[in-house]
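Visitor: Sharing a model prediction with you, sequence too.
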Amino acid sequence: MSQKYTCKVAVKESVKSDDEIRQKIDLAPIISADDMKALLRKELEADGWAKIDGDVYVKIDGDVKSTLEIGTMEVAHTVEKTIEVDEEVRVTADHWELEDSKKAAQDGAKKRIEARLKHAKDEAAAHVLKVLTDVEAKKTGEVQSVLRKVYAEALKQKARKMGDVLEQTEGTNDKGEYELIIKVAL
């Protein structure tokens, strides 16, 4: 008569996946480099970025954490996903010999747990990739908007140093492009 052997394997593990998009920012010196960086700090704070350490600013939007380091002039958009795997697997093997039955049950339980962990890792990685793909253009546009404001203010300051500002027009043209026109009396 055959003997049955039941193997129970439990796993409680956090599976994490993360990725990021990094971009280098080139801040042209319309006014002094220190003044340009001061304008950048001001515009980042006005746009909801929080200063966390020295010249590092962070903005969190849903699953996306954006970090801008003024010292290196790099911005990173990071997404993390953690999936908690808390699962118990029971496998019963029915064989003539007990040792073979134990081994078969243990191997079967181990394979099912490994498959569940792999599925969780794949699910987390797919989530991270989808979020980064979906928000890349939006996040780049948000940083570009901050930089546009920095450049606009720098140009206004430069114009005031050149002479009396006679006229200043700011807006978008018929193509939807930003325009800043400053007329200065020299």
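Guide: Structure received.

Visitor: I'd like the distance between the residue most central in space within the chain and K139.
Guide: If you average the C-alpha coordinates of the chain and look for the closest C-alpha using C-alpha atoms, centre = their mean, you land on T78, 2.1 Å from that point. Distance from T78 to K139, counting by C-beta to C-beta, to the nearest Å: 10 Å. The way it works is simple: take the backbone N, C-alpha and C, and place the C-beta from them, glycine included.

Visitor: what do those two both touch?
Guide: Shared contacts of T78 and K139, defined by C-beta atoms under 8 Å, 6 or more residues apart in numbering, comprise 64, 66.

Visitor: related to what we said a few turns ago, read off the pLDDT value for the residue nearest to the centre of the chain.
Guide: The predicted structure scores T78 at 97 on the pLDDT scale.

Visitor: give me the number of residues near the closest residue to it other than its chain neighbours?
Guide: The shortest distance from T78 to any residue that is not its chain neighbour, by C-beta to C-beta, 6 or more residues apart in numbering, is 4.1 Å, and that residue is E20. The tally of other residues near E20 (other C-beta atoms under 10 Å) stands at 16.

Visitor: can you confirm E20 is in a strand?
Guide: Yes - secondary structure of E20, determined by DSSP: H, G, I helix; E, B strand; the rest coil: located in a strand.

Visitor: tell me the contacts of E153?
Guide: If you count contacts by C-beta under 8 Å, 6+ apart, E153 has them with 39, 43.

Visitor: Name the SS class of K175, please.
Guide: Taking three-state DSSP as the rule, one finds K175 in the coil state.

Visitor: and it, backbone torsions?
Guide: As for K175, its main-chain torsions (degrees, to the nearest 10) stand at phi -90, psi 0.

Visitor: Alright, calling it a day.
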